[in-house]
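A.B. asks: need a structure here:
(2 chains)
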Amino acid sequence: MFERWSAYRREVLQRDTLPSWYATRGRRRALAAAGMTAMALIWAATAVSWNLAPSDTAMVVSLSLLGVSVLVTLPVISLLNIATRGTMSLSERLLDERQVAERVRSFAVAHRVMLGVLVAVAAVVLGTDTEEVPMAAVALGVVGLFETHLLLPVLIAGWRAPDPPPDEEDEEAAEEDGGDGGDEPAA
Amino acid sequence: MVAKDKADGKEHVHNRIAVLRAERGVSRRELATALGVHYQTIGYLERGEYSPSLYLALRIAAFFEVPVEVVFSLEPFPRLGST
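C.D. replies: Residues are numbered from 1 along each chain as shown, chains lettered A, B, ... in the order given. All right, here's what the predicted structure looks like:
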């Protein structure tokens, strides 16, 4: 069952679904930036709840921010997973050595960024009067920490990913149009 | 020394995978399947954007049935037709 699910996910991640959304580095970076903005919305919701809860305004604003964040995050993460061909989400035994190396690098960067987030959260919590923190703010803060921890590696992998080599059919078409097709790759 | 080479962009392994592949009429996907790697990895290798592990380098050489130094070099390979 698990094997079949893994094989299915692997197959889906190799398909070019909506390729124009992640075809260039600029577009992948735009997707990663949208994902980071969605993550920031959760932290904004936490700040709103911290300052205004319990109140109707806090509930409406927080739930709206949470909803927008989920709506942006789901497609962004799906597309970045396809763009990176599952480098961050597939089991390591399904990846080759280049993909594993890229995965390790992205996790290392995400680890450092997450450490910065934790330091910032600790500084805010320790530097504020925390005797009467609304439970909603604590819950949203925990959601924000989980989401940041889970999504940062994918966003960083999408941000870092170089443009993939063109398909051979495209290269052949370019050569037929007059490209010289040198015998050595560019150093 | 290694850090300096890396900073200078000298830590680069040149290869002839594209030439050998064209010569033998092997597509990227066929080579990738034979080596058990993703087909994009072959493209990155050919473009010089990824240097393979010794294990993968030896397997590539074995696939083309040539010594590893025929496929990989620390110095640029001479262009075809040059002396």
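A.B. asks: Stretch B:28-46: how far from the chain's middle?
C.D. replies: In this view, stretch B:28-46 has its centroid 11 Å away from the chain centroid, taken as C-alpha atoms, centre = their mean, to the nearest Å.
A.B. asks: and what of stretch B:62-80?
C.D. replies: Per C-alpha atoms, centre = their mean, the centroid offset for stretch B:62-80 relative to its chain is 7 Å.
A.B. asks: name the element the residue in chain B positioned nearest to chain A belongs to?
C.D. replies: Among all residues of chain B, residue B:43 sits closest to chain A, at 2.5 Å; criterion: C-beta to the nearest C-beta. Yep, even glycine has a C-beta here, placed from its N, CA and C like the rest. In this structure, residue B:43 sits in helix B:39-46 according to DSSP states H and E.
A.B. asks: Mind listing what's buried along that helix?
C.D. replies: The neighbour-count criterion (16 or more other C-beta atoms under 10 Å in any protein chain shown) identifies B:39, B:40, B:41, B:42, B:43, B:44, B:45, B:46 as the buried residues of helix B:39-46.
A.B. asks: Could you save those residues as TSV and add columns showing pLDDT?
C.D. replies: As requested, these are exported to TSV (pLDDT from 0 to 100):
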residue	pLDDT
B:39	90
B:40	90
B:41	94
B:42	94
B:43	93
B:44	93
B:45	94
B:46	93
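A.B. asks: Please name the residues that touch the residue positioned nearest the centre of chain B.
C.D. replies: Central residue of chain B (C-alpha atoms, centre = their mean): residue B:15, 3.7 Å from the mean position. Contacts for residue B:15 (C-beta atoms under 8 Å, 6 or more residues apart in numbering or on different chains) come out as A:185, B:45, B:46, B:48, B:71, B:72, B:73.
A.B. asks: measure the second one to residue A:97 for me?
C.D. replies: In this structure, residue B:45 and residue A:97 are 11 Å apart, going by C-beta to C-beta, to the nearest Å.
A.B. asks: for the chain, where's the lowest mean pLDDT among helices and strands?
C.D. replies: By default, I'm working from chain A. Every helix and strand in chain A was compared by mean pLDDT, DSSP states H and E; the lowest is helix A:168-176, with a mean of 60.
A.B. asks: Am I right that residue B:12 is in contact with residue B:49?
C.D. replies: No. Counting by C-beta atoms under 8 Å, residue B:12 stays clear of residue B:49, with 9.7 Å between them.
A.B. asks: what sits in contact with each of these two?
C.D. replies: The contact sets of residue B:12 and residue B:49 do not overlap (C-beta under 8 Å, 6+ apart).
A.B. asks: which residue is nearest the middle of chain A?
C.D. replies: Centroid-nearest residue in chain A: residue A:155, 2.8 Å away (criterion: C-alpha atoms, centre = their mean).
A.B. asks: for that residue, what are its contacts?
C.D. replies: A:32, A:35, A:36, A:39, A:80 are the contacts of residue A:155 under C-beta under 8 Å, 6+ apart.
A.B. asks: Can you classify it as helix, strand or coil?
C.D. replies: helix (DSSP: H, G, I helix; E, B strand; the rest coil).
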